[in-house]
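**Student:** no sequence on hand, only this structure:
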């Protein structure tokens, strides 16, 4: 399957959820299992030794991680407080506290960028992300409903720690031949899971489209603004890393894993947060196709 067709399939899945709300409601119970499986298959493709090699040799990984999970969310939390009210402020800061989606590695391969850096930042970021997310939400943003640490840790165990344990066990049980076959099929499996995820998170979006279209439009504008501003700002800052690494950093900083946040902290972030997670998929699934020429252009 060509890269254009893969990106088109991803973009189509979210529109199916809006056009056929019953379909989205059927798939909605699969949201959390899909988030879990996406991370399992993302990890299964990774040789942990390869990640260790990259993070010990490529200092750019740590530079991008520091910007992605520390400096950017802190700057947003401090600078946007007087500008954005209520939930708009919370949704923006939360988005910038999250790690990159697992698909950034696949996107970096499609665009011939630094997929090794993308993989390392994605894996490390997912492990590190719960700490700055918790601290910023409870210490800087100041949610009305504080996240219970015990519940937070329990959900981290389920959606982040357990996939690593499961993959480690599978590698011990499966032969190298079987593992190789699974890895070969993983891109197609992940594409299917991403399409299911796109359908799952669109449940409720169609209802808001009918009941409060202006709110939905504002959420969509916020989602596209966060993604586009993040890409422009990140590329401008990281041009000193070289074109390929700067563009890879754009993918890692703009395409954030809101699904994992919905799984571990979503109930604390307001009644419209899951709707925003659905709307967030619009730039996530559409912009890679729209910006394909920029990402594939030679330095």
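**Tutor:** It's in. Values in this document were obtained by computation on a predicted structure and should not be read as measured data. Numbers count the residues shown, from 1 in each chain.

**Student:** for the rest of this, base every contact and every neighbour count on C-alpha atoms.
**Tutor:** OK.

**Student:** which residues touch the residue nearest to the spatial centre of the chain?
**Tutor:** Centroid check for the chain by CA atoms, centre = their mean gives residue 257 as the closest residue, at 2.0 Å. Going by CA atoms under 8 Å, 6 or more residues apart in numbering, residue 257 touches 98-102.

**Student:** buried subset of those residues?
**Tutor:** 98-102 (16 or more other CA atoms under 10 Å).

**Student:** what about residue 44, how many neighbours?
**Tutor:** 21 (other CA atoms under 10 Å).

**Student:** please report how far it lies from residue 167.
**Tutor:** 6 Å (CA to CA, to the nearest Å).

**Student:** kindly report the same for residue 280.
**Tutor:** Residue 280 is 29 Å from residue 167, by CA to CA.

**Student:** same thing with residue 102?
**Tutor:** Residue 102 is 15 Å from residue 167, by CA to CA.

**Student:** check residue 80 too.
**Tutor:** With CA to CA as the criterion, residue 80 and residue 167 are 40 Å apart.

**Student:** where does the stretch 101-250 of the chain dip in pLDDT?
**Tutor:** 141-148 (pLDDT under 70).

**Student:** hey, where'd the helices end up in it?
**Tutor:** 103-110, 115-128, 130-135, 149-156, 162-173, 176-200, 205-211, 213-237, 243-254 (DSSP state H, counting those that start in this stretch).

**Student:** how about the shortest one: buried residues?
**Tutor:** If you call a residue buried by 16+ other CA under 10 Å, then helix 130-135 has these buried ones: 130, 132-134.

**Student:** do the same with stretch 232-242
**Tutor:** Applying a neighbour-count criterion of 16+ other CA under 10 Å, one finds 234-235, 238 buried in stretch 232-242.

**Student:** give me the contact list for that stretch.
**Tutor:** So stretch 232-242 is contacted by 60, 245-247, 249-250, 253 (CA under 8 Å, 6+ apart).

**Student:** then stretch 27-39?
**Tutor:** With CA under 8 Å, 6+ apart as the test, stretch 27-39 has contacts from 102, 159-160, 163, 190, 193-194, 196-197, 199-201, 203, 259-260, 263.

**Student:** and what of stretch 199-211?
**Tutor:** Contacts for stretch 199-211 (CA under 8 Å, 6+ apart): 13-14, 16-19, 21, 23-25, 27-31, 215-216, 274-275, 277-279.

**Student:** coming back round to it: farthest-separated two in the contacts of residue 257?
**Tutor:** Spatially, the most separated pair among those is 98 and 102, at 11.9 Å (CA to CA).

**Student:** of the buried ones among the contacts of residue 257, which is the nearest to residue 91?
**Tutor:** For the buried ones among the contacts of residue 257, the residue nearest residue 91 by CA to CA is residue 98; the value is 11.1 Å.

**Student:** correct me if wrong: that closest one contacts residue 128.
**Tutor:** No. Assessed by CA atoms under 8 Å, residue 98 is found out of contact with residue 128, at 9.6 Å.

**Student:** isn't residue 220 right up against residue 279?
**Tutor:** Yes. Counting by CA under 8 Å, residue 220 does reach residue 279; the two are 5.8 Å apart.

**Student:** of these two, who's got more company?
**Tutor:** More crowded of residue 220 and residue 279, by other CA under 10 Å: residue 279, with 24 against 19.
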